[in-house]
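Visitor: need a 3D model of the sequence below.
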Amino acid sequence: MGLPVVVMPGPMNPVVAEGLDGKVELIRLWQEADPDAVLAQRRDEIVAVATGGTRIDGAFLDRLPAVRIVASFGVGYDQIDASAAAERGVVVTNTPGVLDDEVADTALGLLLMTVRELPQAERYLRAGQWQDGPYPLTKATLHGRRMGILGLGRIGQAIADRVAPFGVSVAYHNRRRKDVGYRYYPSLVEMARDVDILMLVIPGGDNTRHLVNAEVLEALGPDGIVINVARGTVVDESALVDALRNGTILSAGLDVFEAEPTVHPGLLDLPNAVLLPHVGSATIPTRNAMGNLVVENILNWVTYGTPVTPVPESAPLLKRG
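Guide: Predicted structure coming up:
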């Protein structure tokens, strides 16, 4: 028998191809002159998909009936229809754990930048305005604030651990209460009303789309700060622009956007918005670790039939197995 055949629809971290080299036959689909023809010709041979952001839905999987695993690069997997995959007997994996600290560090840095207006102060210096007088005192401080975390998973917990030394109290909203010492709010609006930092670390997808809307921002109030290191779709960006412009909330720090890499033009013009180009896990060591976990998931599956980090939607398949 030949090597297992794996298709990679689009470019990924080089570590993935390097880790699979010699252990599988890797089809780099984006390099093929006629990708559709390749999929049609190899449809009964391709057993795995390695993806770094390509949309993988039921229609795509129907073209590849032999596929049994889709290994995704990243914690979020909203670009993959995991339910449709499960219906077809296909396991989906992601890369949790290895990027928790990096994203949590980014979240804390973004929070500090937003609260203390550090990017604005740097621009003030670079523009030569310091010669005319000191940068204006900022309205906010971090110490003594109350943070509400939307999505207290691994990354949310890592963020909570980091803000404690700053004297920031923590509450959270999840679908279900967790066995932790932080106050739990069954209602996002109620939590927003009681905190002044809303930290977003929840997965994207249809179930969380625009969860942070005008009502939530109104509840957060004029001293409120929104930090988003989750998915841009979690926030209604038009409502956020209005809230920042009208003083409904104080400021926002965003690492993710609804239509990346396009950014809502209203955000670009706002002095009280700190904007980063989705760099939460963007260090070489962390991205390499994510790539290695993609490789581990695929090789474990083709060798032992057991994925390392399956997503929840795949659990019924593994129980049956």
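
Visitor: who does the helix or strand that residue 7 is a member of touch, helix- and strand-wise?
Guide: Per DSSP states H and E: residue 7 is located in strand 5-8. Applying 3 or more CB pairs under 8 Å, 6 or more residues apart in numbering; DSSP states H and E, one finds that strand 5-8 contacts helix 14-20, strand 25-28, helix 35-42, strand 46-51. For every residue, glycine as well, the C-beta is placed using N, CA and C.

Visitor: one more pass at 6 Å, please.
Guide: Judged by 3 or more CB pairs under 6 Å, 6 or more residues apart in numbering; DSSP states H and E, strand 5-8 is in contact with strand 25-28, strand 46-51.

Visitor: give me the contact list for the first one.
Guide: Translated: strand 25-28. 3, 5, 6, 7, 8, 20 (CB atoms under 6 Å, 6 or more residues apart in numbering).

Visitor: with those residues in mind, which one is nearest to residue 318?
Guide: Distance to residue 318, by CB to CB, is smallest for residue 6 among the contacts of strand 25-28, at 20.1 Å.

Visitor: quick one: secondary structure of the residue most central in space within the chain?
Guide: The structure's the chain has its C-alpha centroid closest to residue 230; by CA atoms, centre = their mean the separation is 4.2 Å. Per DSSP: H, G, I helix; E, B strand; the rest coil, the local secondary structure of residue 230 is coil.

Visitor: what's the most buried one of the helices and strands packed on strand 5-8?
Guide: Most buried of those by mean neighbour count (mean count of other CB atoms under 10 Å) is strand 46-51; its value is a mean of 24.

Visitor: other SSEs contacting that one?
Guide: The contact analysis (3+ CB pairs under 6 Å, 6+ apart) places strand 46-51 against strand 5-8, strand 69-72.

Visitor: after the last one, next one along is what?
Guide: In this case it means strand 69-72. Downstream of strand 69-72, the next assigned helix or strand under DSSP H and E is helix 82-87.

Visitor: what comes up buried for the helix or strand hosting residue 240?
Guide: In the assignment (DSSP H and E), residue 240 maps to helix 237-246. Residues of helix 237-246 classed as buried: 237, 239, 240, 241, 243, 244 (neighbour count, 16 or more other CB atoms under 10 Å).

Visitor: tell me which of these is nearest to residue 159?
Guide: Nearest to residue 159 among these is residue 240, at 20.0 Å by CB to CB.

Visitor: for residue 201, see how far away that closest one is.
Guide: From residue 240 across to residue 201, the span is 17 Å (CB to CB, to the nearest Å).

Visitor: wait, residue 171 touches residue 184, no?
Guide: No. Using CB atoms under 6 Å, residue 171 is not in contact with residue 184, being 7.3 Å away.

Visitor: the two: who's more crowded?
Guide: The residue with more neighbours, out of residue 171 and residue 184, is residue 171; 18 against 14, by other CB atoms under 10 Å.

Visitor: pLDDT value on the nearest residue to that one once chain neighbours are set aside, please?
Guide: Nearest residue to residue 171, sequence neighbours excluded (CB to CB, 6 or more residues apart in numbering): residue 183, at 4.2 Å. pLDDT for residue 183: 97.

Visitor: show me where this protein has helices.
Guide: 14-20, 35-42, 58-62, 82-87, 100-116, 118-126, 154-163, 188-194, 214-220, 237-246, 265-268, 284-304, 315-320 (DSSP state H).

Visitor: sorry, back to before: would you turn the contacts of strand 25-28 into a markdown table with neighbour count and pLDDT?
Guide: Listed next are these as a markdown table, based on neighbours: other CB atoms under 10 Å; pLDDT from 0 to 100:
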| residue | neighbour count | pLDDT |
| --- | --- | --- |
| 3 | 12 | 96 |
| 5 | 19 | 98 |
| 6 | 24 | 98 |
| 7 | 24 | 98 |
| 8 | 23 | 98 |
| 20 | 22 | 98 |
